[in-house]
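J.: I'd like to go over a predicted model; first the sequence, then the structure.
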Amino acid sequence: MGNTVIDSLQQFWQFTGFANCTWQHLVMICIGLLFIFLGIRKHWEPLLLVPIGFGMIIGNIPLFFDPATGEGLRIGVYEEGSVLNILYQGVRQGWYPPLIFLGIGAMTDFSALISQPRLVLIGAAAQMGIFGAYLLALALGFTPNEAGAIGIIGGADGPTAIFLSGKLAPELMGAIAVSAYSYMALVPVIQKPIMLLMTSKKERLIRMAKPRAVSQKEKIIFPIVGFICTAFIVPSGLPLLGMLFFGNLLKESGVTRRLAETARGPLIDVVTTLIGLTVGASTQADVFLNGRSVLIFGLGLLSFIIATFSGVLFVKIMNLFCREDRKINPLIGNAGVSAVPDSARVSEAVGLECDPSNHLLMHAMAPNVAGVIGSAVAAGILLGFLG
């Protein structure tokens, strides 16, 4: 009887997290706790960092694995048929990102871009971060598909990064997704020093003309024409571009209010929760904690720097060909990345520090929403010649 009890306790112990824990599990759990702390205490993208952080903890609870049979408890995110694995398929198969783009489209007002179409070029210029990181990743020995998936981090668009990495390099998805969302949360920290370094005091004080009013008809026509043009250029970007413009049409048509409210409210909230939780859970220590992940984080930071640098520099070049009354404040160049609306808010904040009466937000939103379209187009280009 005594041996039976001891054997039962020993068997129970083998299945506990304490018996299977390694230092790598503890490191990843601490990183998850840090994400939760930054989301709650610092308010850094809490809708993203809190689910990802808690997902990291879920994914790094040590589970029993029998080396003889190669089987575990069948509850982990990578174990076929488990609940977490089924939820994770929305990431792996690319279901979640288009649904998020539907919600983004239903939330986005393209008026600033429609009224100042020349600012779309800033959003295009900022995509240099994607292709710059792609070339750097190739130079560091990543395969073309892996380099393409890593490069998309520079678009500052988490759903696009997940969508493309799922198609090109699913084995790197955890590191790429966490890197993309981490740097999205750090946009104010990363971009402000670059903006100040690249601009003079005189440039920061440039006042831009007030954008013209945009009619309702223009707002309705834009998503239809915008989708047709971009989809014909990069058909491979159709899942993201189609849902983005469709969501915007729901918002602007005036007759599908309920659908638009569902897309930008309950739907995007549910999908964001699932994508954050499952992406976090995919960062299991044995898969995530390696030198390649560190390289990906470094390349992700460089891609953000290149994107910000390219956006600001492009505005300065544009100003060489603009009349005095048509000059653009280069502080909105950072908004070309698609971290909506955080990068536009950085433009506004830095501008107000230099001149408390110079509001740049309405201007910065134009390259900001152009960056959303640009990152989806760039993803389509990479998927087209790598996929």
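T.: Alright, I've got the coordinates.

J.: how about low-confidence regions in the protein?
T.: Along the chain, segments meeting pLDDT under 70 span 1-3, 65-73, 387.

J.: Taking the centroid of it, which residue is nearest it?
T.: Nearest to the geometric centre of the chain sits G158, at 1.9 Å (Cα atoms, centre = their mean).

J.: What distance do you get for that one to L99?
T.: 13 Å (Cβ to Cβ, to the nearest Å). (Glycine included, C-beta is placed from N, CA and C.)

J.: quick one, strands of the stretch 51-200 of the chain?
T.: With DSSP state E, counting those that start in this stretch, the ranges of strands along the stretch 51-200 of the chain come out as 65-66, 71-72.

J.: Can you tell me what sits against stretch 290-305?
T.: Applying Cβ atoms under 8 Å, 6 or more residues apart in numbering, the contact partners of stretch 290-305 are 129-130, 132-133, 136-137, 140, 150-151, 153-154, 156, 172, 174-176, 179-180, 182-183, 187, 190-191, 194, 337.

J.: Tell me, how many residues neighbour N290?
T.: 13 (other Cβ atoms under 10 Å).

J.: mind listing the helices for the stretch 251-387 of the chain?
T.: 257-262, 268-281, 285-288, 291-319, 342-354, 361-386 (DSSP state H, counting those that start in this stretch).

J.: Which residues belonging to stretch 347-359 are considered buried?
T.: S347, E348, V350, G351, C354, N358 (16 or more other Cβ atoms under 10 Å).

J.: give me every residue that touches the third one.
T.: For V350, the set of contacting residues under the criterion of Cβ under 8 Å, 6+ apart consists of K192, M195, L196, R204, L331.

J.: what about R323, how many neighbours?
T.: Neighbours of R323 (other Cβ under 10 Å): 7.

J.: And it, its phi and psi?
T.: Backbone torsions of R323, given as degrees, to the nearest 10, read phi -60, psi 160.

J.: Show me how far stretch 5-18 is from its chain's centre.
T.: In terms of Cα atoms, centre = their mean, to the nearest Å, the gap separating the centre of stretch 5-18 from the centre of its chain is 42 Å.

J.: Any chance you could list what contacts that stretch?
T.: Defining contact as Cβ under 8 Å, 6+ apart, one finds that stretch 5-18 is touched by A19, N20, I61, P62, L63, F64, L73.

J.: Apply 6 Å and report the result again.
T.: Stretch 5-18 has contacts (Cβ atoms under 6 Å, 6 or more residues apart in numbering) with A19, I61, P62, F64.

J.: Please apply the same query to stretch 79-97.
T.: By Cβ under 6 Å, 6+ apart, the residues outside stretch 79-97 that reach it are R74, I75, V77, P159, I162, F163, G166, V271, L274, I275, T278, A281.

J.: In PyMOL, how would I select just the buried ones from these?
T.: Here is the PyMOL selection string for the buried members of the contacts of stretch 79-97, based on 16+ other Cβ under 10 Å:
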select buried, resi 77+159+162+163+166+271+274+275+278+281
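
J.: now the contacts of stretch 79-97 as JSON lines including distance to A213?
T.: Shown next, in JSON lines, are these (distance: Cβ to Cβ, whole Å):
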{"residue": "R74", "distance to A213": "59"}
{"residue": "I75", "distance to A213": "56"}
{"residue": "V77", "distance to A213": "49"}
{"residue": "P159", "distance to A213": "31"}
{"residue": "I162", "distance to A213": "37"}
{"residue": "F163", "distance to A213": "35"}
{"residue": "G166", "distance to A213": "41"}
{"residue": "V271", "distance to A213": "34"}
{"residue": "L274", "distance to A213": "39"}
{"residue": "I275", "distance to A213": "37"}
{"residue": "T278", "distance to A213": "43"}
{"residue": "A281", "distance to A213": "47"}
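
J.: if we can go back for a sec, let's have the buried residues of stretch 347-359 in JSON lines, adding distance to G298.
T.: Output for those, formatted as JSON lines (distance: Cβ to Cβ, whole Å):
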{"residue": "S347", "distance to G298": "26"}
{"residue": "E348", "distance to G298": "29"}
{"residue": "V350", "distance to G298": "25"}
{"residue": "G351", "distance to G298": "30"}
{"residue": "C354", "distance to G298": "31"}
{"residue": "N358", "distance to G298": "35"}
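
J.: ok, the residues you listed vs S375, which is closest?
T.: S347 (17.7 Å; Cβ to Cβ).

J.: number of nearby residues for the residue nearest to that closest one when sequence neighbours are not counted?
T.: Nearest residue to S347, sequence neighbours excluded (Cβ to Cβ, 6 or more residues apart in numbering): A364, at 3.7 Å. Residues lying near A364 (other Cβ under 10 Å) number 30.

J.: hmm, back to that, from memory the residue nearest to the centre of the chain sits against A180, does it?
T.: Yes: under the criterion of Cβ atoms under 6 Å, G158 makes contact with A180 at 4.8 Å.

J.: what's the domain layout of the protein?
T.: Annotated domains of the chain cover 1-63, 81-386 [automatic domain parsing].

J.: Need the winner for burial among the ones you listed.
T.: Neighbour counts (mean count of other Cβ atoms under 10 Å) averaged over each of the domains of the chain peak at domain 81-386, with a mean of 21.
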